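# just the structure for this:
(one chain, ligands or ions: 1)
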Amino acid sequence: MPHLAPALLLLLATGAPPPATDGVAVWRRPATGAKPAPVVVGWSSLKLEERTTRDVQLGVERSYRGVTLKALLLAAAQRTPSEDTALLHFKNGMVVPVPLDEATLGRLDLFVARVVKDGTGAFVERFDNVVHERSPWMEQRAITFGTNKLVAKDAFHPGLAAGTTKFTPWAHVDTLTGVELVNAAALNQTMRVSSDARVLQGLGVFEQRCQYCHGVRGTGASFGWDFVKPIPVHTWRDAESLLYHVKFRKLAGAEQGLLMPPQPDTTIDEVRALWEWMKAVSANELRPYAP
Ligand code: HEC
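I've put the predicted structure just below:
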């Protein structure tokens with residue numbers, strides 16, 4: 001296995017998923033303290049299928065060759081019964097959880113595309129950049145892709161708050177680099193740093209709206225800033241200012257190349273609870289992962 005060694009080294013060095021130059025790394029999260037043991041599923045070991053599907057990032061249909069997330073998981077390892085969720089790790093630092101039950105997997109129907117059919121009918125390894133909502137005052141940096149692209153057919157994600165229509169993590173993901181198998185309840189326990197009801201409500205808001213892009217204490221997603229380190233967010237934004245940050249786009253976002261999407265349906269009640277959780281998780285270490 002020529003590509004396994006560098007992948008392992010990288011994982012040991014940083015705890016981050018290895019780069020997916022010739023495949024996707026799959027591993028199970030070990031109990032706290034143990035080292036993860038990734039298996040790199042190389043593209044050469046997978047049977048690619050062709051699929052014409054709507055791509056939620058482009059808003060149009062495209063023909064891709066690649067594999068379903070399900071096929072990728074089957075090629076990697078047998079899941080243990082306690083592993084009910086896959087954390088999808090992306091090149092840009094996003095981490096998106098996907099429950100692995102049949103109904104959800106069927107509804108999501110995620111496809112890991114390796115090549116795309118271009119205008120001439122040839123399959124090429126070059127995915128179109130994605131730029132969201134161009135306007136005179138809002139031109140964001142483009143999402144670019146490496147050797148694969150995760151294609152979601154629509155905005156659906158089972159973890160979003162009911163009624164969320166303007167935000168979906170799938171609009172922002174790029175290249176799939178790793179799949180981490182976890183037990184969702186055990187993962188949630190690591191972030192229950194207090195038993196206060198308001199704090200726990202805030203954790204729920206984090207999980208529904210922020211965890212795809214932000215982590216805490218060096219754990220979780222790293223597309224946006226860590227909420228605790230080096231500077232705890234709650235110390236420099238009060239709940240009102242945090243609400244405006246989440247709800248609206250920045251006027252200077254274009255010049256600054258900002259990428260955080262607005263979530264216009266966010267309420268002050270949610271953000272006040274979220275702020276309480278941010279404060280609690282800044283004062284307390286995460287709890288051990290004990291599946
Ligand atoms: C799709 C990814 C994404 C989601 C979801 C997301 N953010 Fe961000 N966030 C970013 C990125 C990227 C940045 C870095 C600045 C930028 O590019 O906009 C950022 C920056 C921030 C910052 C630091 C910048 C500042 O001006 O204070 C805060 C605070 C923040 N986000 C809070 C949140 C909160 C709270 C949520 C959930 C309610 C959230 N974000 C959801 C991507 C995201």
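# for this structure, just list every one of the helices.
4-14, 69-76, 102-108, 184-190, 197-205, 239-247, 253-256, 268-283 (DSSP state H).
# for residue 56, find the nearest of those.
Closest of the helices of the chain to residue 56 is helix 102-108, at 11.0 Å (criterion: CB to CB). Quick note: C-beta positions are derived from backbone N, CA and C, even for glycine.
# what are the buried residues along that closest one?
By neighbour count on 16 or more other CB atoms under 10 Å, the buried set for helix 102-108 is 105, 108.
# pull up the residues of the stretch 151-291 of the chain that are close to the ligand.
Counting by CB under 6 Å from any ligand atom, the stretch 151-291 of the chain comes close to the ligand at 172, 209-210, 212-214, 223-225, 233, 237, 242, 245-246, 258-261, 274.
# rewinding a little: any idea which of the helices of the chain is most buried?
A comparison of the helices of the chain by mean neighbour count, using mean count of other CB atoms under 10 Å, puts helix 268-283 on top with a mean of 21.
# from what I can see residue 117 touches residue 66, true?
No. Between residue 117 and residue 66 there is no contact under CB atoms under 8 Å: 11.7 Å.
# neighbour count winner among the two?
Neighbour count, other CB atoms under 10 Å: between residue 117 and residue 66, residue 66 has more, with 24 against 15.
# let me know how buried the nearest residue to the more buried one once chain neighbours are set aside is, in neighbour terms.
Nearest non-adjacent residue to residue 66, counting by CB to CB, 6 or more residues apart in numbering: residue 113, 4.0 Å away. Other residues near residue 113 number 24, with proximity taken as other CB under 10 Å.
# what's opposite residue 113 in the beta bridge?
residue 66, residue 149 (DSSP bridges).
# what residues are up against it?
64-66, 127, 148-151 (CB atoms under 8 Å, 6 or more residues apart in numbering).
# how about a cut-off of 10 Å?
48, 51, 53, 55, 62-67, 123, 125, 127, 145, 148-151, 176 (CB atoms under 10 Å, 6 or more residues apart in numbering).
# how many neighbouring residues does whichever residue of the stretch 1-150 of the chain sits closest to the ligand have?
Of all residues in the stretch 1-150 of the chain, residue 94 sits closest to the ligand, at 6.6 Å by CB to the nearest ligand atom. The local packing of residue 94 (other CB under 10 Å) involves 22 other residues.
# how is this protein divided into domains?
Per the record, the chain has its domains at 1-182, 183-291, by automatic domain parsing.
# could you dump those domains into JSON lines with mean pLDDT added?
Shown next, in JSON lines, are the domains of the chain (pLDDT from 0 to 100):
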{"stretch": "domain 1-182", "mean pLDDT": "85"}
{"stretch": "domain 183-291", "mean pLDDT": "94"}
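# nearest spatial neighbour of the residue of the stretch 1-150 of the chain closest to the ligand, skipping sequence neighbours?
Once flanking residues are discounted, residue 94 sits nearest to residue 223: 4.7 Å by CB to CB, 6+ apart.
# tell me the contacts of that neighbour?
90-95, 169, 172-174, 212-215, 259-260.
# where do the strands sit along the stretch 51-200 of the chain?
Using DSSP state E, counting those that start in this stretch, the strands of the stretch 51-200 of the chain run over 60-68, 85-90, 95-99, 111-117, 123-124, 149-151, 176-182.
# I'd like these as CSV, with distance to residue 25 appended.
Shown next, in CSV, are those (distance: least, CB to CB, whole Å):
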stretch, distance to residue 25
strand 60-68, 15
strand 85-90, 8
strand 95-99, 13
strand 111-117, 13
strand 123-124, 24
strand 149-151, 14
strand 176-182, 4
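# hang on, residue 207 packs against residue 169?
No. Using CB atoms under 10 Å, residue 207 is not in contact with residue 169, being 11.7 Å away.
# what is in contact with those two at once?
With CB under 10 Å, 6+ apart as the test, residue 207 and residue 169 both reach 97, 159.
# neighbour count: these two, which is higher?
residue 169 (24 against 18).
# ok, the residue lying closest to that one once chain neighbours are set aside - contacts?
Among residues not flanking residue 169 along the chain, residue 212 sits closest, at 4.0 Å (CB to CB, 6+ apart). Contacts for residue 212 (CB under 10 Å, 6+ apart) come out as 88, 90, 93-97, 157, 159-160, 167-170, 172-173, 220-221, 223-224.
# do that again at 7 Å, thanks
94-96, 169, 221 (CB atoms under 7 Å, 6 or more residues apart in numbering).
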